[in-house]
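> task: produce atomic coordinates for the following.
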Amino acid sequence: MPIFTRLRQWLFRFGHDEQLPIVLTQRRIFILPTRTGLLFGAVLCVMLIGAINYNLSLGHALVFLLASLGLVNMVHTFRNLVALRLAPGRVESVFAGDIARFPMLLENVRRQARRSLDLAFGAHESVRLDIPPGEQAMIAIPCPAPTRGRLDPGRITLSTRYPLGLFHAWSYPHPRLSCLVYPRPIETPLPPPAAIAQSGQRHGDTGQEDFTGLRLRQPNDSPRHIAWKAVARDIDNRPLLIKQFAGGAAEELWLDWSLTPAENGLETRLSLLAGWVIAAERTQSRYGLRLPGRELAPDQGSAHRDACLEALALYGETGA
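As a prediction, the model looks like this:
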């Protein structure tokens with residue numbers, strides 16, 4: 001194992017920051033000269049040697065003036081991070097292959113503005129922001145979500161090179177963050193629904209009795225339920241409409257693991273089920289989900305959709 005990796009593990013062996021908000025104290029901030037800063041220092045050394053060699057008083061004054069400017073720059077770079085406060089926000093779930101965005105609230109309690117703050121997870125894409133004096137700013141830090149499950153983005157790299165880019169100051173806050181990543185949905189036709197007779201009601205020939213209205217046709221609706229008379233009044237401009245009935249037999253849609261092709265892999269079968277969940281919710285159907293070892297009763301609505309997608313995302317994980 002490389003020495004740098006071992007040193008990094010030893011420095012950050014304490015895990016997550018449990019206390020919120022996270023306050024960046026002096027001990028949590030690292031600072032080193034950048035390549036520009038090292039070049040600046042080398043130029044000052046050459047200038048100092050020349051001034052000493054030729055006994056130039058103005059040369060000495062210029063060298064010490066520039067060196068003082070570099071030291072002041074180092075102090076301002078450090079002060080751009082110190083006493084900054086961070087608190088994580090609520091993370092929205094995403095599908096595999098998308099970019100998860102982790103909200104982070106940054107609070108500047110000082111009278112000086114914070115300039116050119118960069119936040120990123122490791123080597124991933126960074127985002128930059130400024131915070132006015134005494135104010136707060138919310139920013140979403142991106143992180144790729146390649147696979148389903150729970151995504152732990154790890155430590156945040158908060159860095160700055162303000163004001164002149166001669167020094168690089170950074171910190172590694174580690175709030176407890178995670179994002180639920182759903183399987184990547186694959187769109188395929190929904191399986192046929194099953195008619196469930198409701199007790200205490202009389203059934204007509206089709207299992208549907210009282211007409212309640214019309215709605216737009218969905219891909220899985222039967223052609224025999226189309227309101228042809230209503231459509232014929234304005235066939236060029238009117239979309240296909242479906243008759244809705246109350247009473248009789250209700251239809252429940254079961255999204256069953258056994259209905260997915262067995263020759264497909266685990267992730268493909270989960271993606272097919274995820275596509276069915278989204279399609280069933282889009283058609284406002286009552287649907288349930290059956291997985292090996294788990295079953296979610298038929299229901300509808302965004303909460304039920306999220307519960308089904310979460311079951312698919314965590315399928316096979318320990319404790320899911």
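> in which helix or strand does E295 reside?
Of the helices and strands defined by DSSP states H and E, E295 is found in strand 294-299.
> which helices and strands sit right next to that strand?
Using 3 or more C-beta pairs under 8 Å, 6 or more residues apart in numbering; DSSP states H and E as the contact criterion, the neighbours of strand 294-299 among helices and strands are strand 249-256, strand 287-291, helix 302-313. Using the backbone N, CA and C atoms, a C-beta is placed for each residue, glycine as well.
> what about those, which gets the closest to P175?
Ranking the helices and strands packed on strand 294-299 by their distance to P175 (criterion: C-beta to C-beta) puts helix 302-313 first, at 21.7 Å.
> how far off centre is the closest one?
When distances are taken as C-alpha atoms, centre = their mean, to the nearest Å, helix 302-313 is centred 17 Å away from the chain's centroid.
> list the contacts of that helix.
Taking C-beta atoms under 8 Å, 6 or more residues apart in numbering as the criterion, the residues outside helix 302-313 that touch it are 93, 148-150, 180-183, 255, 270, 273-274, 277-278, 281, 287, 289, 291, 294, 296, 320.
> need the CA coordinates for the lengthiest helix in the chain. PDB is fine.
As assigned by DSSP state H, the longest helix anywhere in the chain is helix 57-79. Taking C-alpha atoms only, helix 57-79 is exported to PDB below (Å, rounded to 0.1, in the frame of the first residue of the first chain):
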ATOM      1  CA  SER A  57      19.100  48.100  -2.100                       C
ATOM      2  CA  LEU A  58      16.000  48.500  -4.300                       C
ATOM      3  CA  GLY A  59      16.400  44.900  -5.300                       C
ATOM      4  CA  HIS A  60      16.300  43.800  -1.600                       C
ATOM      5  CA  ALA A  61      13.200  46.000  -1.000                       C
ATOM      6  CA  LEU A  62      11.400  44.500  -4.000                       C
ATOM      7  CA  VAL A  63      12.100  41.000  -2.900                       C
ATOM      8  CA  PHE A  64      11.000  41.500   0.600                       C
ATOM      9  CA  LEU A  65       7.900  43.400  -0.600                       C
ATOM     10  CA  LEU A  66       6.900  40.400  -2.900                       C
ATOM     11  CA  ALA A  67       7.700  37.900  -0.100                       C
ATOM     12  CA  SER A  68       5.400  39.800   2.200                       C
ATOM     13  CA  LEU A  69       2.700  39.800  -0.400                       C
ATOM     14  CA  GLY A  70       3.000  36.000  -0.600                       C
ATOM     15  CA  LEU A  71       2.700  35.600   3.200                       C
ATOM     16  CA  VAL A  72      -0.400  37.800   3.200                       C
ATOM     17  CA  ASN A  73      -1.900  35.700   0.400                       C
ATOM     18  CA  MET A  74      -1.300  32.600   2.500                       C
ATOM     19  CA  VAL A  75      -3.200  34.100   5.400                       C
ATOM     20  CA  HIS A  76      -6.100  35.100   3.200                       C
ATOM     21  CA  THR A  77      -6.300  31.700   1.600                       C
ATOM     22  CA  PHE A  78      -6.500  30.100   5.000                       C
ATOM     23  CA  ARG A  79      -9.000  32.500   6.300                       C
END
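> okay, buried residues for it please.
Across helix 57-79, burial judged by 16 or more other C-beta atoms under 10 Å covers 59, 63, 67, 70, 73-74, 76-79.
> sorry, back to before: pick the most buried one from the helices and strands packed on strand 294-299.
Burial of the helices and strands packed on strand 294-299 is given as mean neighbour count (mean count of other C-beta atoms under 10 Å); strand 287-291 ranks first at a mean of 21.
> distance from that strand to the middle of the chain?
Using C-alpha atoms, centre = their mean, we find the averaged C-alpha position of strand 287-291 to lie 26 Å away from the chain's own average C-alpha position.
> pretty sure L106 is in a strand, no?
Yes - the assignment for L106 is a strand, going by DSSP: H, G, I helix; E, B strand; the rest coil.
> quick one: mean pLDDT over the strand or helix carrying D130.
Element membership for D130 (DSSP H and E) is strand 127-131. Mean pLDDT, computed over strand 127-131, is 95.
> nearest spatial neighbour of L266, chain-adjacent residues omitted?
Distances taken as C-beta to C-beta, 6 or more residues apart in numbering place G316 nearest to L266, at 7.2 Å, with adjacent residues excluded.
> and for A169?
In space, and not counting its chain neighbours, A169 is closest to I31: 4.2 Å by C-beta to C-beta, 6+ apart.
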